[in-house]
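Participant: following is a predicted model, sequence given first.
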Number of protein chains: 2
Amino acid sequence: MTTQQLVKEIHKKKSFLCIGLDVDLNKIPQHLLKKEDPIFEFNKAIIDATHHLCVAYKPNTAFYEAYGLKGWKALEKTIDYLNNNYPDIFTIADAKRGDIGNTSSMYAKAFFEDLGFDSVTVAPYMGKDSVEPFLAFKNKHTILLALTSNEGAYDFQTKSIEGLELYKTVLATSKSWNNSENLMYVVGATKAEYLVEIRQIIPHNFLLVPGVGAQGGSLEDVCKYGITKNIGLLINSSRSIIYASNKENFSSEASLKALQLQTQMELILNQL
Amino acid sequence: MTTQQLVKEIHKKKSFLCIGLDVDLNKIPQHLLKKEDPIFEFNKAIIDATHHLCVAYKPNTAFYEAYGLKGWKALEKTIDYLNNNYPDIFTIADAKRGDIGNTSSMYAKAFFEDLGFDSVTVAPYMGKDSVEPFLAFKNKHTILLALTSNEGAYDFQTKSIEGLELYKTVLATSKSWNNSENLMYVVGATKAEYLVEIRQIIPHNFLLVPGVGAQGGSLEDVCKYGITKNIGLLINSSRSIIYASNKENFSSEASLKALQLQTQMELILNQL
């Protein structure tokens, strides 16, 4: 999917919501556990109930790997279901991969070609040659970790390198990499006030913003400081939507939570 | 496996060799492609031919993910084969994972409990709360990326944070984390001269050292600067061993390459 197609969908749906599909069998409605593939059945119900309110879905691969082969099969079925039934949805493999060049190429092939995701999250620690193999794929997007939403972000990311914090060094340096137009960045909603300076370095790139909802970030603050002419934001919410209820009506409750966020986003978009 | 057990194996086998099981179907002997599970058959043959010469095996998960479900099944079979037949071998999932706390816990559970690896490689970018969930597992080891063997290591890792390079900041900071006695570190052999200062910060921890062989690192230099009283080194070689030949005799050729490295290691151990 091209960035232009994503922007078009945002305007069409009046939403820049991304829903995180982080399936934990201890948290999903217990009646689903009787099904042959509870993980996929849960995702399918959530997707069918929310697809008109969001523009992206983001399964975090950890939740699937934790269930071994069964989990990977459910991940494959989920991305196939999205690509077959809702091809206008932007898909994100939240995998936080990154390795030396030839190995990163294997990951890029796995997520972009074999699984068919539109994008994958990548860790920047190993530098340019660990990220460029992902950037080489046309109309695919590499979402680089910049400033994450967790406490540990202050251990290294906000430390200053020759006057510039590490996460800003990552932003500035990555701009010079081959095919850097395919870069998006992860910036946590819990650090919305950092967005002013982030937008000075990368005025146009899309940001994937986790941390709204369960982690306490503010949608208004993120938009105030981070929104661009092309919107440039994907706001992710996982637990507060998909686990809104663990009863039989879980998908309609999830839909209501998504509608609340979409309504706030529509108001923000109308004010631009 | 405890660190003491690993040290005992090193002395018993006169080897601190780790063999990387990075299986690429384009590079393995073509007669194996007729088998039901060529990846596992290749690994099994390599393991059976080299287990007496090395103390560790390290599959890089990228190579398995690239083959989807088939790949994950082969990874499961490989770690099961190792744990059942060679339980004294130290096993490393080279996965370079790392995520926010509850998500890192899922990865830790997947690699340590479900798959049964002794250790997993982890990226430090997201800080303390992304790594501690791995450290919480008793007699399991977290191998943190410090200074990697690739060109991109110079993009961020060697940049100075308040007078201390980022990789040294990672080493120094991680020492204060909970259960830090379960930490090992990745330090590339292509940067052996950095080991003097690394050993000043972490005098005792084991280092996993990639980059000897195909990437050009020197075994002598790594040992000169990095060896400790408990040896403290696992030298990884992947391609130069497992792809020594792509003919029917590939496993005996791999064994010869492993023997060359083990012989050099025995000489070094005898000189201590």
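Facilitator: The structure has been received and is ready for your questions. Quick caveat, the model's predicted, so the values are computed rather than measured.
Participant: just the helices in chain A please.
Facilitator: A:3-13, A:38-50, A:61-65, A:68-85, A:101-108, A:128-135, A:166-174, A:195-201, A:219-226, A:239-242, A:250-270 (DSSP state H).
Participant: alpha carbons of the first one, as CSV, please.
Facilitator: Extracted as CSV, the C-alpha positions of helix A:3-13 are listed here (Å, rounded to 0.1, in the frame of the first residue of the first chain):
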residue,chain,number,x,y,z
THR,A,3,1.3,6.3,1.7
GLN,A,4,-1.2,8.2,-0.6
GLN,A,5,-3.6,5.3,-0.3
LEU,A,6,-3.3,5.3,3.5
VAL,A,7,-4.0,9.1,3.6
LYS,A,8,-7.0,8.6,1.3
GLU,A,9,-8.4,5.9,3.7
ILE,A,10,-7.9,8.2,6.7
HIS,A,11,-10.0,10.9,5.1
LYS,A,12,-12.7,8.5,3.9
LYS,A,13,-13.1,6.8,7.3
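Participant: contact residues of the stretch 101-250 of chain A facing chain B?
Facilitator: Residues of the stretch 101-250 of chain A lying close to chain B by C-beta under 8 Å from any C-beta of the partner chain are A:101, A:103-104, A:106-107, A:109-110, A:114-115, A:123-131, A:145, A:148-157, A:159-162, A:166, A:169-170, A:173. In short, each C-beta sits where N, CA and C put it, glycine included.
Participant: try 7 Å
Facilitator: A:101, A:103, A:106-107, A:109-110, A:114, A:123-130, A:145, A:148-157, A:159-162, A:166, A:169-170, A:173 (C-beta under 7 Å from any C-beta of the partner chain).
Participant: neighbours around residue A:51, how many?
Facilitator: Neighbourhood size, residue A:51 [other C-beta atoms under 10 Å in any protein chain shown]: 19.
Participant: that one and residue A:89 touch, don't they?
Facilitator: Yes: assessed by C-beta atoms under 7 Å, residue A:51 is found in contact with residue A:89 at 6.5 Å.
Participant: nearest to chain B within the stretch 1-150 of chain A, name that residue for me.
Facilitator: residue A:127 (2.4 Å; C-beta to the nearest C-beta).
Participant: got phi/psi on that residue?
Facilitator: phi 80, psi -170 (degrees, to the nearest 10).
Participant: and the residue nearest to it when sequence neighbours are not counted, how many neighbours?
Facilitator: Spatially, and ignoring its direct neighbours in sequence, residue A:127 is nearest to residue B:152 (2.4 Å; C-beta to C-beta, 6 or more residues apart in numbering or on different chains). A count of nearby residues for residue B:152, using other C-beta under 10 Å, gives 23.
Participant: contact partners for residue B:152?
Facilitator: Taking C-beta atoms under 7 Å, 6 or more residues apart in numbering or on different chains as the criterion, residue B:152 is in contact with A:126-130.
Participant: most widely separated two among those residues?
Facilitator: A:126 and A:128 (8.7 Å; C-beta to C-beta).
Participant: between those two, which is the more surrounded one?
Facilitator: residue A:126 (29 against 21).
Participant: against residue B:164, how distant is the more buried one?
Facilitator: Applying C-beta to C-beta, to the nearest Å, the value for residue A:126 to residue B:164 is 19 Å.
Participant: and if you look at residue A:30?
Facilitator: In terms of C-beta to C-beta, residue A:30 sits 51 Å off from residue B:164.
Participant: what does residue A:134 give?
Facilitator: Taking C-beta to C-beta, one finds residue A:134 at 30 Å from residue B:164.
Participant: between these two, which has more neighbouring residues?
Facilitator: Using other C-beta under 10 Å as the criterion, residue A:134 and residue B:164 rank with residue A:134 on top: 28 against 16.
Participant: that one and residue A:191, how far apart?
Facilitator: Taken as C-beta to C-beta, the span from residue A:134 to residue A:191 is 24 Å.
Participant: residue A:229 too?
Facilitator: For residue A:229, the distance to residue A:191 - C-beta to C-beta - is 23 Å.
Participant: the more surrounded of these two?
Facilitator: Applying other C-beta under 10 Å to residue A:229 and residue A:191 shows that residue A:191 carries more neighbours, namely 22 against 9.
Participant: which residues does the nearest residue to the more buried one once chain neighbours are set aside bridge with?
Facilitator: Distances taken as C-beta to C-beta, 6+ apart place residue A:147 nearest to residue A:191, at 5.6 Å, with adjacent residues excluded. Here residue A:147 sits in beta bridges with residue A:187, going by DSSP bridges.
Participant: give me the neighbour count for residue A:147.
Facilitator: Should you count by other C-beta under 10 Å, residue A:147 turns out to have 24 residues around it.
Participant: from residue B:127, how far off is it?
Facilitator: Residue A:147 is 11 Å from residue B:127, by C-beta to C-beta.
Participant: touching both of those two, which residues are there?
Facilitator: The contact sets of residue A:147 and residue B:127 overlap at residue A:153 (C-beta under 7 Å, 6+ apart).
Participant: for residue A:153, grab the count of nearby residues.
Facilitator: Residue A:153, neighbours per other C-beta under 10 Å, totals 26.
Participant: and residue A:69, by the same measure?
Facilitator: Residue A:69: 12 neighbours (other C-beta under 10 Å).
Participant: tell me the pLDDT at the closest residue to residue A:168 other than its chain neighbours?
Facilitator: Of all residues not flanking residue A:168 in the chain, residue A:201 sits nearest, at 6.0 Å (C-beta to C-beta, 6+ apart). On pLDDT, residue A:201 comes in at 98.
Participant: could you pull up the contacting residues of residue A:201?
Facilitator: Going by C-beta under 7 Å, 6+ apart, the list of residues near residue A:201 reads A:168, A:171-172.
Participant: got a quick ChimeraX command for the buried subset of those residues?
Facilitator: The buried residues among these can be selected in ChimeraX (16 or more other C-beta atoms under 10 Å in any protein chain shown) with this line:
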select /A:168,171
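Participant: turn the contacts of residue A:201 into JSON lines, columns for pLDDT.
Facilitator: Below are these laid out as JSON lines (pLDDT from 0 to 100):
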{"residue": "A:168", "pLDDT": "97"}
{"residue": "A:171", "pLDDT": "98"}
{"residue": "A:172", "pLDDT": "98"}
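Participant: okay, now the spatially closest residue to residue A:65 that is not a sequence neighbour: neighbour count?
Facilitator: Among residues not flanking residue A:65 along the chain, residue B:110 sits closest, at 4.5 Å (C-beta to C-beta, 6+ apart). For residue B:110, the neighbour count with other C-beta under 10 Å is 24.
Participant: where's residue B:110 relative to residue B:87, distance?
Facilitator: Look at residue B:110 and residue B:87: by C-beta to C-beta, they are 20 Å apart.
Participant: shaky segments in chain A?
Facilitator: Scanning chain A for pLDDT under 70 picks out no residues.
Participant: can you name the residues that contact the spatially closest residue to residue A:218 that is not a sequence neighbour?
Facilitator: The shortest distance from residue A:218 to any non-neighbouring residue, by C-beta to C-beta, 6+ apart, is to residue A:192 (6.1 Å). Neighbouring residues of residue A:192 by C-beta under 7 Å, 6+ apart: A:217-218, A:221-222, A:225.
Participant: what do you get if the cut-off is 8 Å, keeping everything else the same?
Facilitator: By C-beta atoms under 8 Å, 6 or more residues apart in numbering or on different chains, residue A:192 lies in contact with A:217-218, A:221-222, A:224-226.
Participant: equivalent analysis for residue A:23, please.
Facilitator: Counting by C-beta under 8 Å, 6+ apart, the residues that residue A:23 touches are A:39, A:42-43, A:59, A:63-64, A:74, A:242.
Participant: before we move on, back to that, buried subset of the residues of the stretch 101-250 of chain A next to chain B, written for PyMOL?
Facilitator: Here is the PyMOL command that picks out the buried ones among these, judged by 16+ other C-beta under 10 Å:
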select buried, chain A and resi 101+103+106+107+109+110+123+124+125+126+127+128+129+130+145+148+149+150+152+153+155+156+157+159+161+166+169+170+173
